[in-house]
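J.: I need the structure of the sequence given here:
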Amino acid sequence: TIVGSYDANNNPEGTGIYVGSRSGAVSLTIQVTGNNVVSGSYGIYALSNAGEVSVTISGGGSLTASGSQNGISIVSEFSNAALAIEGTAVKASGSYGEGVWVQAGESSTGSLSVDGGSLTASGNTGIEFLFSTGMSGSGTPSLTVAGNAVVDAKSGGIAHNSSNNLSIQGNSGIVFNGSTGTVYGNASLQEDLIIGEGESLDIPSGASLTIPAGITLTVNGGELTGNIPTNGVVYKVTEVKLDKTSLILDVGGTATLTATVKPDNATNKNVNW
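T.: Residues are numbered from 1 along each chain as shown. So this is what the prediction gives:
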């Protein structure tokens, strides 16, 4: 557990983990084992005023990075900025800012890659790509998923200020941009996943989702579209409705009540009377 506190003489921004350079490139590797928590005004902050910035979080453990501003900030004022997550379960949250903030030079590349493990990012924006220190830029924002990774930006979504479109690609993984999820490549679900009310998951043409034994994909009020797996999907009942709202019977009289279960494709439509 690392907690940053403000130090006017030494510790920039009260950050949990900080690395910076005024004149050169910045490279930071965080090797994770076990369960870890980093917090402060920023959980993790890497900054260069002149060169590229590259941060890699790797290892089979978990890392929670939270900040009153941003959870994780990767900032290069004039060059490329990159965050790579390799096999680690990362949660990044910003109370008044963003979960993950990747800032690059005006016409540079801002990239985020998740290979194995997962990233859950939440804040005013879950994942923000920013180019230049002004209002807009012409840089390249990119997000890549591999190794059956899940990127969850349900809280706040994914945004950028570039004149170029965000490129999302991958050979095996799932990305949730707000309430909308998409499967990329041939992915295999590594842990239970719930698609809740107002959420959706699309498995487009050319992509597939395998659900191994012991893993469940539960559709609980949400929507699953595209190449839907034949096994491992559970559609939860959202409503049971009777065909009558009131009924008056004489003594000894009988009547029949019919129950309609929604959705129509609910996995278990049995009703116990």
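J.: Tell me which helix or strand residue 228 sits in.
T.: Using DSSP states H and E, residue 228 is not contained in any helix or strand.
J.: Now do the contacts for the nearest residue to it once chain neighbours are set aside.
T.: In space, and not counting its chain neighbours, residue 228 is closest to residue 203: 6.7 Å by CB to CB, 6 or more residues apart in numbering. Bear in mind the C-beta positions are built from the backbone N, C-alpha and C, glycine included. Residues near residue 203 by CB atoms under 8 Å, 6 or more residues apart in numbering: 183, 209, 224, 225, 226, 227, 228, 229.
J.: cool, residue 62 as well?
T.: Per CB under 8 Å, 6+ apart, neighbours of residue 62: 32, 34, 35, 36, 88, 89, 90, 91.
J.: Tell me the most packed of these, by neighbour count.
T.: residue 90 (27 neighbours; other CB atoms under 10 Å).
J.: bridging residues for the residue nearest to the spatial centre of the chain?
T.: The chain has residue 152 as the residue nearest its centroid, 1.4 Å off, counting by CA atoms, centre = their mean. When bridges are called by DSSP bridges, residue 152 pairs up with residue 120, residue 176.
J.: That one and residue 175, how far apart?
T.: Between residue 152 and residue 175 the distance is 8 Å, computed by CB to CB, to the nearest Å.
J.: one step back: want to try TSV for the contacts of residue 62, with distance to residue 266 and secondary structure as columns?
T.: Listed next are the contacts of residue 62 as TSV, based on distance: CB to CB, whole Å; DSSP: H, G, I helix; E, B strand; the rest coil:
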residue	distance to residue 266	secondary structure
32	40	coil
34	41	coil
35	37	strand
36	41	strand
88	37	coil
89	32	strand
90	35	strand
91	32	strand
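J.: Low-confidence ranges, the stretch 101-250 of the chain, go.
T.: For the stretch 101-250 of the chain, the stretches with pLDDT under 70 are 134.
J.: for stretch 213-220, the distance to its chain's centre please.
T.: Here the centre of stretch 213-220 is set off from its chain's centre by 18 Å, with CA atoms, centre = their mean, to the nearest Å.
J.: cool, and stretch 94-108?
T.: Worked out by CA atoms, centre = their mean, stretch 94-108 lies 15 Å from the chain centre.
J.: Kindly state the pLDDT recorded for the nearest residue to residue 33 once chain neighbours are set aside?
T.: With sequence-adjacent residues excluded and distances taken as CB to CB, 6+ apart, residue 33 is closest to residue 61, at 4.7 Å. On pLDDT, residue 61 comes in at 95.
J.: Just the buried residues from the contacts of residue 203, in PyMOL please.
T.: For the buried members of the contacts of residue 203, the matching PyMOL selection, counting by 16 or more other CB atoms under 10 Å, is:
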select buried, resi 183+209+224
